[in-house]
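S.K.: Quick one, structure for this:
(2 chains)
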Amino acid sequence: MLGKLALAGIKNRRRDYLVLLAGLTMSAAIFYMFANLATNRAFIKANAVVSQASLIFGFGAVLLILITVVYIMYANSFLLSMRQHDYGLFMMLGATRKRVGELVFLETLILGAIATAIGIGLGLLMSKFLVGFLLNMLGLHLAHLSAVYVPAIIATAVLYVGLFILASLFNLIRLTRTTVLKLLHSDEQANQPKVKPFRQLIQGTLGIVFLAIGYWALAAIKTLQMTAIPLALVTITLGTYLLFRATILVIIRGLRHTAWAKKHLNGFLLGQLNFRVHNYTRMLTIVSLLFAMALGAITVGSGYHKQLPMMAKTLGTYSIAIHDKTPAEQKLMDQLHVAYTATYTQKRQGKTVYYNADELAKQPVEQQRYKKSGQPEAHLYTQSLKAFKKSGTQDMNFMALALGKVGAYTPKILSAEQFAKQTGKTVTVTTIRVKDLQQDMKPLKQLNKLENQRFTPPTNMTVGSYQGYEMMNAFFGGLEFMGYFLGIAFLAMLASCLMFKILSGAPGDQRRYRMLYKVGVRQNLMRWGIAKEIGILFLIPGIMGVIDVLFGLQMFKPLMVAPMSPYLGIGSTFLIFIGLYVIYYLITLALYWRIVLPKTTTD
Amino acid sequence: MTTATTVVDVHGLEKTYGKANERQYKALKDINFSVAEGEFVGIMGASGSGKTTLLNMLSTLDTPTKGDVIVNGHDVTKMRGNQLADFRAQEVGFIFQDFNLLESLTAEENIGLPLALKGTASKVMDQAIHEVAETLSIADLLQKYPAELSGGQKQRVAAARAIVHHPSILMGDEPTGALDSTSARELLDLLTTINQKQAMSVLLVTHDPFSASFCQRILFIKDGQIGSELKRGSQDRAAFYQQILNELGTFNE
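M.R.: The predicted model follows:
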């Protein structure tokens, strides 16, 4: 009978349950995808060429587990906040604590099991399609990646079911310890945090000191090595928490005494925030860290994505060199956005490759300057034939046009007459420099493939910047992918965390807005009030997260050497990320409105 | 009685629950009455008699099926959306059985809410709040949160919120229902004072004869209809109380 009642209670709130279930399912799916990558040793070995990458993966896994724990905690409290009134009612009707306890335990566990099962299924599908899609979009290829990986399935199932058992036990203890009356009136209790100026001041100062240590640790990753990341994680978490504790309440208190607070619903808004923020400090801290990690990961990912072609540009004076072009290749070449092109005739004899001086004079070879540090500069120049003969023939880019191993052929420049007389195998080579590698990626890829089919490429070097790009892509692709992947995963989880925490306060607010409605507050004013309140709860971790990222990107300086920089082009990445965050905000807001706003009276 | 001094005028009010094709229930049947300015009127009836439904109609929380409700010259049955909200905010003061205070706000902020909604300047607001707090002797409670107040104190704060913006009528829905007898008596005395000193009309819905005895006129409602009416006239409260008890004795038979 009680089981039936419980089921009826769930049916009545099926939309809320659907939200809960969807969130948990997503979380399990994301965890599976990550576990699939992180536990797959063959995959990591094949792709994590940079030593820090496997370290990042390790930390990623630990973070994701921590976040999952917090996430389930919030989801669970949302569940409990929805159910405790019903449980109280059952007890009032005479159900024994033991019976209700069983009910609570089973409900939580069943919900968890369903979410885990669907989540793993969804994770499998997502691994298959989403990861493929992401790789395709980024133009990457990662070896040893398969959608179905049994150890990952087991890891996800064990973690989630384990956590749900813990959550059930937690609910059980909480319910059996609270009195029936408290359960029935659970949403009517109020605690008003006190402000203690001296303690607040110390907290604030300590918070800033911790944050400073954390930011410094990230910047000094070269000297601190392995210890930098855990040190930064601990200090930034502590710092953010203390800073939030110290400042937010004081600011709200300050605002409450202004004339602004006495207009419309502003006072109510501040009262609500004051009421909440203390409870929310921990959650806001976690969310701000998640925000930072998600944004940081995506920024680094897109940094590599955007900057690899830029870096590759300096790896060759021309993008691609085609020998004895075929009609098919000509067609592809016509698609390119050419910045500079030149065609030379080569004659090969023994260990020497001969060039026609007339051709070289008409179409001088573009060369690259080097900085004092030995770094190539993006700036290109050409020389007169005379000067070119002296030094230019030793240029790697020019040497590479001869094919074969570097140094296998010595280039020699002959006058037009001598060149005509020279015997040997005649080959024409066309060099093309495109305006933007990224733009012509597709035809370049095909051209390179065709060229490599006909001529064995030199084994120890790349010819042209496109091949340079391919090499770097293979090298940094794992990092780029991980950046995007972790970024999206963290964002999804952080937003759901925030959503659940906020939504778990909704049933209590229902009553408050009902009162406001009775007192005669316009519907629109209430809508705006809610939008502002939730907006602020989204904004605080957002701002802190952005600051964290701006400092945290220092960490990637050693991995993104000039001309790359972790800070380059972050504007557009930030905008896209913030756009996604705003969408989450709007979804939360819509859900909140639906739960909280009183229905206008009609019959 | 429809003169300029009428605050509430109800004509042929009916309320039917349930859709046309379902089993219908008539909660109110052809209710007619009016309240003059400055009058203290009580509506009495057992639970289920329709008195709360009636109050909800008067306060625009619910819409009638038929009939007119005119409050201070506004026909509330014709209002929609924001008009209704504004009407409640400006013309009506409410006291509820369960106080309906916002626990996230201090007493002062709770009282100031109706003024804040109007956009009153903060200085004017402070003055109004302190005036009303003096009247209800809650000046020393203003900085406290509802959770720190007793039931009687909460209800006085709620009463302050109900009259701070000088509404044309004060409506109470069993305002003493959750109070002990001392607090209840204090509140009713306060309501009487407000009624007399500020000439504010009061409409009190109750099933408690003691509360009702503070009124000048009582309408008895039974099964959705007004059955009888009692006037206090020049009798003292104790005599009126006795009269109400007698009336209830015959009315409920």
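S.K.: For residue B:48, the count of nearby residues, please.
M.R.: The tally of other residues near residue B:48 (other Cβ atoms under 10 Å in any protein chain shown) stands at 12. In short, each C-beta sits where N, CA and C put it, glycine included.
S.K.: From residue A:133, how far off is it?
M.R.: Applying Cβ to Cβ, to the nearest Å, the value for residue B:48 to residue A:133 is 63 Å.
S.K.: try residue A:450
M.R.: 27 Å.
S.K.: do residue B:20 as well
M.R.: Taking Cβ to Cβ, one finds residue B:20 at 54 Å from residue A:133.
S.K.: Those two - which one has more neighbours?
M.R.: The neighbour count for residue B:20 versus residue A:133, taken as other Cβ under 10 Å, is higher for residue A:133 (11 against 6).
S.K.: Quick one: mean pLDDT for the one helix or strand the more buried one maps to?
M.R.: Assigned by DSSP states H and E, residue A:133 belongs to helix A:97-138. Mean pLDDT, helix A:97-138: 81.
S.K.: contacting residues for the spatially most central residue of chain B?
M.R.: In chain B, the centroid-proximal residue (Cα atoms, centre = their mean) is residue B:171; its distance is 1.4 Å. With contacts defined as Cβ atoms under 8 Å, 6 or more residues apart in numbering or on different chains, residue B:171 is in contact with B:55, B:58-59, B:92-95, B:202-205.
S.K.: So it, which state does it fall into?
M.R.: With DSSP: H, G, I helix; E, B strand; the rest coil as the basis, residue B:171 sits in strand.
S.K.: what is it paired to in the beta sheet?
M.R.: Taking DSSP bridges as the rule, residue B:171 bridges to residue B:94, residue B:203.
S.K.: Which helix or which strand is home to residue A:321?
M.R.: Here residue A:321 is assigned to strand A:320-323, by DSSP H and E.
S.K.: Same question for residue A:20.
M.R.: helix A:14-38.
S.K.: Now do that helix: distance to the chain's middle.
M.R.: 17 Å (Cα atoms, centre = their mean, to the nearest Å).
S.K.: how about the residue lying closest to residue A:118 once chain neighbours are set aside, what does it touch?
M.R.: Sequence neighbours aside, residue A:25 is the residue nearest to residue A:118 in space, at 4.8 Å (criterion: Cβ to Cβ, 6 or more residues apart in numbering or on different chains). Applying Cβ under 8 Å, 6+ apart, we find residue A:25 in contact with A:115, A:118-119, A:122.
S.K.: Now those in JSON lines, please, with extra columns for neighbour count.
M.R.: As requested, the contacts of residue A:25 are arranged in JSON lines below (neighbours: other Cβ atoms under 10 Å in any protein chain shown):
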{"residue": "A:115", "neighbour count": "24"}
{"residue": "A:118", "neighbour count": "17"}
{"residue": "A:119", "neighbour count": "25"}
{"residue": "A:122", "neighbour count": "17"}
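S.K.: Return the member of the residues you listed nearest to residue B:143.
M.R.: Closest approach to residue B:143 among the contacts of residue A:25 (Cβ to Cβ): residue A:115, at 46.1 Å.
S.K.: doesn't residue A:21 make contact with that closest one?
M.R.: Yes. Under the criterion of Cβ atoms under 8 Å, residue A:115 makes contact with residue A:21 at 5.6 Å.
S.K.: what residues are shared contacts of those two?
M.R.: Residues touching both residue A:115 and residue A:21 (Cβ under 8 Å, 6+ apart): there are none.
S.K.: Which residue, other than its chain neighbours, is closest to residue A:486?
M.R.: residue A:297 (4.1 Å).
S.K.: check which helix or strand covers the one you found.
M.R.: Going by DSSP H and E, residue A:297 is part of helix A:266-313.
S.K.: same question for that helix, mean pLDDT?
M.R.: Rounded mean pLDDT across helix A:266-313 is 78.
S.K.: Quick one: list the elements packing against that helix.
M.R.: helix A:51-92, helix A:228-256, helix A:464-504, helix A:506-519, helix A:523-552, helix A:570-596, helix B:107-118 (3 or more Cβ pairs under 8 Å, 6 or more residues apart in numbering or on different chains; DSSP states H and E).
S.K.: now the first one, how far from the chain's geometric center?
M.R.: Put plainly, it is helix A:51-92. That offset, for helix A:51-92, works out to 20 Å (Cα atoms, centre = their mean).
S.K.: if you look at that helix, does any of it touch chain B?
M.R.: No. Counting by Cβ under 8 Å from any Cβ of the partner chain, chain B is not contacted by helix A:51-92; separation bottoms out at 16.0 Å.
S.K.: ok and that helix relative to helix A:570-596, angle-wise?
M.R.: 10 degrees (axes from the mean of the first three to the mean of the last three Cα atoms, to 10 degrees).
S.K.: List the contacts of stretch B:107-114.
M.R.: Residues contacting stretch B:107-114 (Cβ under 8 Å, 6+ apart): A:256, A:262, A:267-268, A:271, A:519-520, B:89, B:93, B:101-102, B:105, B:125, B:129, B:132-133, B:138, B:141-146, B:149, B:157-158, B:160-161, B:164-165.
S.K.: Among the residues you listed, which ones are in helices?
M.R.: Using DSSP state H, the subset of these located in helices is A:256, A:267-268, A:271, A:519, B:89, B:125, B:129, B:132-133, B:157-158, B:160-161.
S.K.: Scan the residues you listed and report the most crowded one.
M.R.: residue B:160 (29 neighbours).
S.K.: For it, list the residues it contacts.
M.R.: Contact partners of residue B:160, counting by Cβ under 8 Å, 6+ apart, are B:107, B:111, B:129, B:132-133, B:135-136, B:138.
S.K.: Quick check: nearest residue in space to residue B:245, chain neighbours excluded?
M.R.: Per Cβ to Cβ, 6+ apart, closest to residue B:245 is residue B:209, 5.6 Å.
S.K.: Burial check on the one you found, number of neighbours?
M.R.: 18.
S.K.: residues contacting it?
M.R.: B:44, B:241, B:244-245, B:248.
S.K.: Torsion angles phi and psi at the residue nearest to residue A:275 when sequence neighbours are not counted?
M.R.: The shortest distance from residue A:275 to any residue other than its chain neighbours is 4.0 Å, reached at residue B:104 (Cβ to Cβ, 6+ apart). The phi and psi values for residue B:104, taken as degrees, to the nearest 10, are phi -90, psi 0.
S.K.: For the closest residue to chain B within chain A, give its distance to residue A:106.
M.R.: Residue nearest to chain B within chain A (Cβ to the nearest Cβ): residue A:520, separated by 3.0 Å. As judged by Cβ to Cβ, residue A:520 and residue A:106 stand 45 Å apart.
S.K.: try residue B:149
M.R.: Here residue B:149 is placed at a distance of 41 Å from residue A:106 (Cβ to Cβ).
S.K.: Pick out whichever of these two has more residues nearby.
M.R.: A count of neighbours by other Cβ under 10 Å puts residue B:149 above the other of residue B:149 and residue A:106, at 18 against 13.
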